[in-house]
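> quick one, structure for this:
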Amino acid sequence: MAQVRPMRADARRNHERLLEVAAEAFAEHGENASLDDIAKRAGVGSGTLYRHFPTRQALLEAAYLDRIEALAARADDIAARLPPGEALVEWLNELSAGMIQVRGLKTLLGSAVTDGGPAVVTACGDSVRNAAARLVGAAQREGTLRRDVDPIDVLRLAHGVATASELADGGGTRIRRYLALLTEGLRP
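Numbering: from 1, shown residues only. Now for the predicted structure:
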């Protein structure tokens, strides 16, 4: 069994600096921000960036992991104060709004709910899928959500709602309207 060596102090600083700069770059330019520019702004070479984050997707996930885990945790907070069907809709509203407000998040979450190929998104996808599964299961037990709806269906639809709202006005002001229209079709 191979031992995992702790990261050297300089490597840890580079890792943290890359994440900080990447989050800024993704916020400014979206998920297609230049990786070479990120490395340069972090004061490291491209090789160092790729050693820490072998793909754009890995960097995007690492930069947004805390945000996505916070969104997933909100599912439990909301479920504690609202009935299951309402909790699901409220969480989907927050999730959809987050996809619009945080550039690159929609792409990251979109890859978490695609079929085929290896799952590129791991921690991010898992936390969001698990949160959705808890809310969907509770709403189904309550009788406010059709039994043939899967958590992945709900996440894909939320992704679509975020996209539709973004296309409509760019700011997500129509998310609640689109979620209301959508959830009417998901009722038993």
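> which residue ranges of this structure form helices?
Secondary structure of the chain by DSSP state H: the helices cover 9-29, 35-42, 46-52, 56-81, 84-101, 105-112, 123-142, 151-169, 175-186.
> turn these into a markdown table, including mean pLDDT.
Formatted as a markdown table, the helices of the chain follow (pLDDT from 0 to 100):
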| stretch | mean pLDDT |
| --- | --- |
| helix 9-29 | 88 |
| helix 35-42 | 94 |
| helix 46-52 | 92 |
| helix 56-81 | 91 |
| helix 84-101 | 92 |
| helix 105-112 | 76 |
| helix 123-142 | 91 |
| helix 151-169 | 89 |
| helix 175-186 | 88 |
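> would you format the ones you listed as JSON lines with mean neighbour count included?
From N, CA and C alone the C-beta is placed, and that goes for glycine too. Shown next, in JSON lines, are these (neighbours: other CB atoms under 10 Å):
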{"stretch": "helix 9-29", "mean neighbour count": "17"}
{"stretch": "helix 35-42", "mean neighbour count": "18"}
{"stretch": "helix 46-52", "mean neighbour count": "16"}
{"stretch": "helix 56-81", "mean neighbour count": "18"}
{"stretch": "helix 84-101", "mean neighbour count": "22"}
{"stretch": "helix 105-112", "mean neighbour count": "22"}
{"stretch": "helix 123-142", "mean neighbour count": "19"}
{"stretch": "helix 151-169", "mean neighbour count": "19"}
{"stretch": "helix 175-186", "mean neighbour count": "16"}
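> how about E20: what's its closest non-neighbour residue?
With sequence-adjacent residues excluded and distances taken as CB to CB, 6 or more residues apart in numbering, E20 is closest to A42, at 7.6 Å.
> wait, what's in contact with that neighbour?
14, 17-18, 20-22, 49 (CB atoms under 8 Å, 6 or more residues apart in numbering).
> repeat that for R56.
Taking CB under 8 Å, 6+ apart, we find R56 in contact with 31, 35.
> could you rerun that using 7 Å?
Residues in contact with R56 (CB atoms under 7 Å, 6 or more residues apart in numbering) are L35.
> ok, it to L186 distance?
Distance of R56 to L186, computed by CB to CB, to the nearest Å: 33 Å.
> repeat for V21
Distance check for V21 against L186: by CB to CB, it reads 41 Å.
> much appreciated, bye for now.
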